[in-house]
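>>> Return a 3D structure for these sequence lines:
(one chain, ligands or ions: 1)
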Amino acid sequence: MTKSGDQLSKLLSDIEHPQSLKKLNSQELNQLAQEIRELIINVVAKKGGHLASSLGVVELTVALHSIFQAPKDKIVWDVGHQCYAHKILTGRKDLFQEMRSLGGISGFPRREESPYDPFGTGHSSTSLSAALGIALARDLRQEDYKVIAVIGDGALTGGMALEALNYAGEIDTDLIAILNDNKLSIDQNVGGLPSHLARLRSDPKYYRLKEELEFFLERIPAIGKTMLRSAERLKDSVKYLLVPGVLFEELGFTYLGPVDGHNIYNLQDLMRQAQKIKGPVLLHAVTQKGKGYSLAEKEPCYFHGIGPFHKDTGKLLVSDSSSISYSEIFGSSLLKMAEDDESIVAITAAMASGTGLEPFSQKYSQRFYDVGIAEQNAVTMGAGMAAGGRKPVIAIYSTFLQRAYDQILHDVCLQKLPVVFAIDRAGVVGEDGETHNGLFDYAYLRHMPEIVVMAPTNGQEITAMLKTALTLQGPSAIRYPKGKTSPLSSTKIETLLPGKGVLVKEGNDLLILAAGSMLPRALEAWEALKRENIYCSVINPRFIKPLDKELICKWAQTCKKVLTVEEHVLAGGFGSAVLELFEEENMTQIKVKRMGIKNPFTGQGSREQILKLNGLSTEGIVQEAIKLCQATANIN
Ligand SMILES: Cc1ncc(C[n+]2csc(CCOP(=O)(O)OP(=O)(O)O)c2C)c(N)n1
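Residues are numbered from 1 along each chain as shown. Below is the predicted model:
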């Protein structure tokens, strides 16, 4: 029986590895699923995490581990946010309590964490390509194991997943794709493919007919097998009439399902069938996001990724109504600007609520486009809209925009098209860890010709930057961090002059150049340094590209020492841009120290913890400033 609280119950406490599942009967497997579900709810309520998706695959995970032989068989989870039951069953149930914390285990599969995680994930739509690669490596090494990719209906809309589906049929190696179809991405899923899946779910006629026909023919002595082959041809024509599975079958997959993804017995049955089939197989499991926790079943989007919450009410334990998120300010500002300018359109790639575009999508549904998990399509479609005379604002998280590097360069910048990129979650994201940190965008944008790159330091500035971006004749990007900022201090929104920064504090000992999110802590450091009799100038550059050459060079000449601070990797970032500027201006005598993220692959923790680890706290800035002043004093 399940015990209350966080204590592990009887069945689960005896499970150290998936082999133990093989001894359990159907009833016990169902009980185990309930115990796992309870543990997931308790831990996520305390620590936050991806709840709804994980609850939806508990039975699927139990069935997988009861049939397949992991870690010999390789299970690749797409996105990986739904892998909690998998972690619990694969020797990590004690570590699970500390998941997503500094020094704890990741909330996503990680190769270095466990042999049961054959491929690390975080970004969507990679599982089929990765699994295909593992399967091909297996074939080349003449090894014998199964490779299983578990992919959601949302992730299946990503271009990479479709490319892999296309190639898997051609290559025809043994590969099992399990489609975890819960009818939702984070928000509503979009496009023709989800509609196709909906038809499969609601009309399994073809599957039944195929099964019944084969069953019947196989049992006719002697000629049955021959007739079965002829029936294959019949099946081919019938399937066009009755449709289900035809898309996958045409791509070279054997389609199995749909099956109730919460019925372990039926899942096991289809998994056994899939094990025997040669070539690629697609097993279609229909699941419910948030299954077994009524609040999450009702509001799967709210419970997709959530902070610590009260289990009985679902309310967040910490909610600060005095401040507002950058995403919300961006969303409401865009909404206002769209009232006055009907050429403004908004585009997102499956992140409408995350990027603050939900109100826009409701008020201006005709001017709002959610393309699904398809960042590349979002960018080139935006470029097309700009070419067609609209003003597209594309809101994407920094980490996911990495997918569309070439589209930004080739389709937007090369053609000087006025596309505005609203780059959300730029910087450290905290608990989601290294796959989700947005630490590369200055670097991947700064070297592209034509684009203007801005970094706001508060809500007022993000609005001004958006207004400015919408007046530009070419491409622009505004990058802002996860989290809260001050609400708008004035309704009067200024248009900024591209390439103009602001001198915020004046002093002659040291120049601190603090980009975007780093300005508030640089100002705290300024205060602390003043107490040490070190008088600094502080510049808010506002524009990472083009830099305010005049202002920066003038104060660098005055101070002779420059400390750059940014929430970004050091290589190719804002500090690098300043170094380049000094080289161009023959100012290499200026002593420069760059502060930023030294190692972007250091796992998860709270945002503050990760920033502090990289020296990006007020104290860290103070220390570096003092060191820089002392070092140059010694030289002088
Ligand atoms: C490239 C990329 N874009 C966006 C995301 C954000 N994201 C995480 S999960 C998710 C929805 C995935 O839907 P689905 O595959 O159906 O899984 P479910 O959560 O419904 O189980 C999205 C858009 C991501 N992880 N990677």
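>>> Run the chain-centre distance for stretch 468-488.
Its chain's average C-alpha position is 20 Å from that of stretch 468-488, according to C-alpha atoms, centre = their mean, to the nearest Å.
>>> Run a quick neighbour tally on residue 490.
The local packing count at residue 490 equals 8, with neighbours defined by other C-beta atoms under 10 Å. In this view, the C-beta of every residue, glycine as well, is placed from N, C-alpha and C.
>>> That one falls within a helix, correct?
No - for residue 490, which was evaluated using DSSP: H, G, I helix; E, B strand; the rest coil, the result is coil, with no helix membership.
>>> quick one: secondary structure of the closest residue to it other than its chain neighbours?
Distance criterion C-beta to C-beta, 6 or more residues apart in numbering; nearest residue to residue 490, sequence neighbours excluded, is residue 460 at 6.7 Å. Three-state call for residue 460 (three-state DSSP): helix.
>>> Quick check, pLDDT for residue 460.
Looking at residue 460, its pLDDT reads 95.
>>> Is it in contact with residue 488, as I believe?
Yes - here residue 460 lies in contact with residue 488, judged by C-beta atoms under 8 Å, at a distance of 5.6 Å.
>>> for the residue nearest to residue 523 when sequence neighbours are not counted, helix, strand, or coil?
Closest residue to residue 523 apart from its sequence neighbours, by C-beta to C-beta, 6+ apart: residue 538 at 6.3 Å. Of the three states, residue 538 takes strand under three-state DSSP.
>>> wait, what's in contact with residue 538?
Counting by C-beta atoms under 8 Å, 6 or more residues apart in numbering, residue 538 makes contact with 503-505, 511-512, 514, 519, 522-523, 526.
>>> Please repeat the previous calculation with a cut-off of 10 Å.
Residues in contact with residue 538, defined by C-beta atoms under 10 Å, 6 or more residues apart in numbering, are 502-507, 510-514, 519, 522-523, 525-526, 529, 555, 563, 565.
>>> any idea how far residue 409 is from it?
Summarising the geometry, the distance separating residue 538 from residue 409, computed by C-beta to C-beta, to the nearest Å, is 33 Å.
>>> before we move on, what about residue 343?
Separation of residue 343 from residue 409 (C-beta to C-beta) stands at 24 Å.
>>> cool, residue 375 as well?
When distance is defined by C-beta to C-beta, residue 375 is 14 Å away from residue 409.
>>> Name the nearest residue to the closest residue to the ligand within the stretch 351-500 of the chain, sequence neighbours excluded.
Scanning the stretch 351-500 of the chain for proximity to the ligand using C-beta to the nearest ligand atom identifies residue 400 as nearest, at 4.0 Å. Nearest in space to residue 400, with sequence neighbours left out and distances taken as C-beta to C-beta, 6+ apart, is residue 375 at 5.3 Å.
>>> Ok, residue 168 next?
With sequence-adjacent residues excluded and distances taken as C-beta to C-beta, 6+ apart, residue 168 is closest to residue 280, at 4.6 Å.
>>> Neighbours of the one you found, how many?
Neighbour count of residue 280, defined by other C-beta under 10 Å: 28.
>>> So it sits against residue 165, correct?
Yes - the pair residue 280 and residue 165 qualifies as a contact (C-beta atoms under 10 Å) at a distance of 8.4 Å.
>>> list the residues that contact both of the two?
What both residue 280 and residue 165 touch, as defined by C-beta under 10 Å, 6+ apart, is the set 128, 132, 177, 248, 251-253.
>>> buried ones in the helix ranked longest in the chain?
With residue count as the measure and DSSP state H as the assignment, the chain has helix 26-47 as its longest helix. Residues of helix 26-47 classed as buried: 29-45, 47 (neighbour count, 16 or more other C-beta atoms under 10 Å).
>>> before we move on, what about stretch 625-636?
Residues of stretch 625-636 classed as buried: 625-626, 628-629, 632 (neighbour count, 16+ other C-beta under 10 Å).
>>> The stretch 351-500 of the chain: strands as residue ranges?
Counting by DSSP state E, counting those that start in this stretch, the segments of the stretch 351-500 of the chain that form strands are 368-370, 391-397, 420-424, 452-454, 476-479, 484-485.
>>> Thank you kindly, that will do.
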